[in-house]
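Novice: Got a predicted structure here, sequence first:
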Amino acid sequence: MSARLDSLSPGWPAKLNVLYDVVIVLVGCFLATLRVVIDDPRYLTLMAVGAGTWLVGAGSLRLYSPATPRTAQDQAALTIVLLLATSLVLFVWERMGVVPEKHAFSVTSFGVICFVWMLAGRYVIFSPLHAIGDPVEDVLVVGTGPAGVAAWHALTEGRGRRRCVVGFLAFEGEIAHRGLKAPILGNASELLTVLARQAVAEVFIAGRTLVHGHEMQQIVRACEEVGQPFALPLHALAFERARLLGGAALTEDGFLHYLSTDTRPFQYAVKRMLDIVASALGLVVLSPLLLFVAIAIKATDGGPVFFKQRRVGLNGAYFDMLKFRSMVMNADAMKDKLMAQNEMQGGVVFKMKNDPRITSIGRFIRKFSVDELPQLINILRGDMTIVGPRPAVPREVAQYKVWQRRRLSVRPGLTCYWQVSGRNEIGFDEWMQLDLRYVDHWNLKIDVELILKTFPVVLTGRGAS
């Protein structure tokens, strides 16, 4: 499975955007002090603290990362969150007496100045630049003939969002065109095998209906079965038929784009905004508890506070999930010896009620799900959401049956049906069915119900491992 989405470094448009934002923070500090600052080193220190806080926060949230494509609403919301955090740090810095009171720092002026100019820069300058900068999505093209080459040009050189074509699949009997500029990964019949090892945002089906119609239908069914977004060229289906299929959107690249899940655009925008606000607020409110737990873990055995683990996210892309470390430092090495005592039915996921690898403080924080709280950072970044199927490790996903892979068609979450329904008391297949129930019937009402059910489960420690 590809990790390219995690390893992309910012291209020149993003680097220019970083420089622009840092300058705006410095200018905001300058104007918010209501005086010329160059003659007093204390004001220069204030500006340095503001710029440093912004850079650290932006790095933590991957604000400029091409591996984390975001909507305009996401970008605006994260900018607000980061500006509030920077303003808070500068306010505390100013209250410490670093800035003379007669020239006190105005938090409101700083926030308004930075927000207006940053958003103006994003939409007026950097949105057009990003369109010609580094591609942000990996895609797969089915078709190696002239239609496949045309799709490659449309996706990599056409107007709008640019993609990286990681490879092609060939229709039966199709002769590869000389203009292909990516490897042929196999035949169209091997689509599911290729998707299991290569994470892509979308599958583009570039065939001719009269010649490849049957194979195209099989690919569509396979994509729908695993929840993989796909696209068809406009000429492949009558537009009226495409509207009847539902979940399709026509874009300027000449393809009809299909999602196997009902995205409910307005509700999804609200969901993402709630994710950002709730996770940011949660990190602030719970900071004393987070600090106490971090000290307790460090004092236990001197090991690292956090446990970073590679997980599988939306459409099979990898991300690093954060947890408080609740096990001994060589826990992974001990796991193979304990596999015979796995209590999870189905054997794909390892769960053991009295796991000897868990530390004393670890048992407490796991009982009340405190070990999961660092995932608020993953939620703020956009790797996860508050409500959604729990993220799986790559080794588990490699053992999924075809129908189980459809749970990867939505962003993984902090809580879900499994979390509030008994956890270790539920077999693996039933767990997967619960996740697919969420995928197929998602709406904001379900999210609210699951969040309300999560609180008593966490407070009582029910179903904890």
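Specialist: Yes, it's here. Numbering: from 1, shown residues only.

Novice: can you give me the helices for the stretch 101-250 of the chain?
Specialist: Under the criterion DSSP state H, counting those that start in this stretch, the stretch 101-250 of the chain contains helices at 107-121, 127-131, 146-157, 191-197, 209-226, 239-245.

Novice: Nearest to Thr359, out of those?
Specialist: helix 191-197 (35.2 Å; C-beta to C-beta). Where C-beta positions appear, they are placed from N, C-alpha and C, glycine not excepted.

Novice: show me where pLDDT drops low in the stretch 301-450 of the chain?
Specialist: Along the stretch 301-450 of the chain, the parts satisfying pLDDT under 70 run over 333, 336-337, 339-353, 423-424.

Novice: now the strands for it?
Specialist: For the stretch 301-450 of the chain, the strands defined by DSSP state E, counting those that start in this stretch cover 306-312, 318-324, 385-387, 413-415.

Novice: I figured Met273 hits Ala76, correct?
Specialist: No: between Met273 and Ala76 there is no contact under C-beta atoms under 8 Å: 9.6 Å.

Novice: Can you pick out the residue with more neighbours from these two?
Specialist: Legend: neighbour count by other C-beta atoms under 10 Å for Met273 and Ala76, higher for Ala76 (18 against 14).

Novice: name the helices or strands packed onto the host helix or strand of the more buried one?
Specialist: Ala76 is part of helix 72-93, with elements assigned from DSSP states H and E. Here helix 72-93 touches helix 41-61, helix 107-121, helix 265-285, going by 3 or more C-beta pairs under 8 Å, 6 or more residues apart in numbering; DSSP states H and E.

Novice: how about the CA coordinates for that helix, as CSV?
Specialist: The C-alpha coordinates for helix 72-93 follow below in CSV (Å, rounded to 0.1, in the frame of the first residue of the first chain):
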residue,chain,number,x,y,z
ALA,A,72,-11.7,26.0,1.6
GLN,A,73,-13.9,25.7,4.7
ASP,A,74,-11.3,23.4,6.4
GLN,A,75,-8.5,25.8,5.6
ALA,A,76,-10.4,28.8,7.0
ALA,A,77,-11.4,26.9,10.1
LEU,A,78,-7.9,25.7,10.8
THR,A,79,-6.5,29.2,10.2
ILE,A,80,-9.0,30.6,12.8
VAL,A,81,-8.0,27.9,15.4
LEU,A,82,-4.3,28.5,14.8
LEU,A,83,-4.7,32.3,15.1
LEU,A,84,-6.6,31.9,18.3
ALA,A,85,-3.8,29.8,19.7
THR,A,86,-1.2,32.3,18.6
SER,A,87,-3.2,35.2,20.0
LEU,A,88,-3.5,33.4,23.3
VAL,A,89,0.3,32.8,23.6
LEU,A,90,1.0,36.4,22.7
PHE,A,91,-1.6,37.6,25.2
VAL,A,92,0.1,35.6,28.0
TRP,A,93,3.5,36.8,26.8
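
Novice: what is the mean pLDDT for it?
Specialist: Helix 72-93 shows a mean pLDDT of 81.

Novice: ok, and what's touching it?
Specialist: Residues lying outside helix 72-93 but in contact with it, judged by C-beta atoms under 8 Å, 6 or more residues apart in numbering, are 25, 29, 46, 49-50, 53-54, 57-58, 61, 63, 70, 99, 105, 107, 110-111, 114-115, 118-119, 122-123, 269, 272-273, 276-277, 280, 380, 382.

Novice: so it versus helix 265-285, what angle?
Specialist: With axes from the mean of the first three to the mean of the last three C-alpha atoms, to 10 degrees defining the directions, helix 72-93 sits at 20 degrees from helix 265-285.

Novice: how long is stretch 25-41 end to end?
Specialist: 17 Å (C-alpha to C-alpha, to the nearest Å).

Novice: what does stretch 178-192 give?
Specialist: 26 Å.

Novice: Go through that stretch and flag the buried ones.
Specialist: Leu180, Ala182, Leu185, Asn187, Ala188, Leu191 (16 or more other C-beta atoms under 10 Å).

Novice: Which of these fall within strands?
Specialist: Leu185, Asn187 (DSSP state E).

Novice: of all the buried residues of stretch 178-192, which comes closest to Tyr417?
Specialist: Nearest to Tyr417 among the buried residues of stretch 178-192 is Leu191, at 29.2 Å by C-beta to C-beta.

Novice: what sits against the closest one?
Specialist: Counting by C-beta under 8 Å, 6+ apart, Leu191 makes contact with Val142, Leu169, Val203, Ile219, Ala222, Cys223.

Novice: Could I get the pLDDT score of the fifth one?
Specialist: Residue-level confidence at Ala222 comes out at 93, pLDDT.

Novice: Just to check, it is in contact with Leu192?
Specialist: Yes: judged on C-beta under 8 Å, Ala222 makes contact with Leu192 at a distance of 5.6 Å.

Novice: May I see the contacts of Leu191 arranged in JSON lines, with distance to Ala299 as well?
Specialist: Shown next, in JSON lines, are the contacts of Leu191 (distance: C-beta to C-beta, whole Å):
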{"residue": "Val142", "distance to Ala299": "55"}
{"residue": "Leu169", "distance to Ala299": "54"}
{"residue": "Val203", "distance to Ala299": "50"}
{"residue": "Ile219", "distance to Ala299": "55"}
{"residue": "Ala222", "distance to Ala299": "52"}
{"residue": "Cys223", "distance to Ala299": "50"}
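
Novice: hang on, Val139 packs against Gly167?
Specialist: No: taking contacts as C-beta under 8 Å, Val139 lies outside contact range of Gly167: 9.5 Å.

Novice: which one of the two has more residues nearby?
Specialist: More neighbours surround Val139 than the other of Val139 and Gly167, with 23 against 18 (other C-beta under 10 Å).

Novice: what residues are up against that one?
Specialist: Counted by C-beta under 8 Å, 6+ apart, Val139 has contacts Leu155, Arg163, Cys164, Val165, Val166, Val200, Ala201, Glu202, Val203, Phe204.

Novice: what about Val200, distance to Gly413?
Specialist: 22 Å (C-beta to C-beta, to the nearest Å).

Novice: who has more neighbours, those two?
Specialist: Using other C-beta under 10 Å as the criterion, Val200 and Gly413 rank with Val200 on top: 28 against 23.

Novice: wait, that one sits on Val165?
Specialist: No: Val200 is not in contact with Val165 according to C-beta under 8 Å; the separation is 9.4 Å.

Novice: Mutual contacts of the two, please.
Specialist: Val139, Leu140.

Novice: quick revisit: so which of the helices and strands packed on helix 72-93 is nearest Phe368?
Specialist: That would be, of the helices and strands packed on helix 72-93 and by C-beta to C-beta, helix 265-285, which comes in at 15.0 Å.
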